[in-house]
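Chemist: here are the coordinates; sequence isn't available:
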């Protein structure tokens, strides 16, 4: 069974990636149910990503921010779509 524990590290990484590229995941929820569905879909993409080490390294290397997520991020388009 796919447990919630698998989500925990990815949820943290997804929030850190959003912070790194200066976007708010909470902004998605302003769209109501459709926003919640988009956020759930993004979480699933993140949870199934196999490049956790690459993500962690990108975040470590970009502590002061980055213009966009790492090239292989499965949520790159989603996060860039949240930019103002």
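Modeler: It's in. None of the values given here were measured: they were computed from a predicted structure.

Chemist: Let's check: the centremost residue of the chain is which one?
Modeler: residue 14 (2.9 Å; Cα atoms, centre = their mean).

Chemist: Now do the contacts for that one.
Modeler: Residues near residue 14 by Cβ atoms under 8 Å, 6 or more residues apart in numbering: 25, 42, 43, 46, 75. For every residue, glycine as well, the C-beta is placed using N, CA and C.

Chemist: any weak-confidence spans in this protein?
Modeler: 1-7 (pLDDT under 70).

Chemist: do that again at 80, thanks
Modeler: 1-8, 31-32, 84 (pLDDT under 80).

Chemist: Break down it into its helices, ranges please.
Modeler: Using DSSP state H, the helices found in the chain span residues 7-20, 26-29, 33-47, 52-61, 76-80.

Chemist: now those as a markdown table including distance to residue 70?
Modeler: Listed next are the helices of the chain as a markdown table, based on distance: least, Cβ to Cβ, whole Å:
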| stretch | distance to residue 70 |
| --- | --- |
| helix 7-20 | 8 |
| helix 26-29 | 20 |
| helix 33-47 | 12 |
| helix 52-61 | 4 |
| helix 76-80 | 8 |
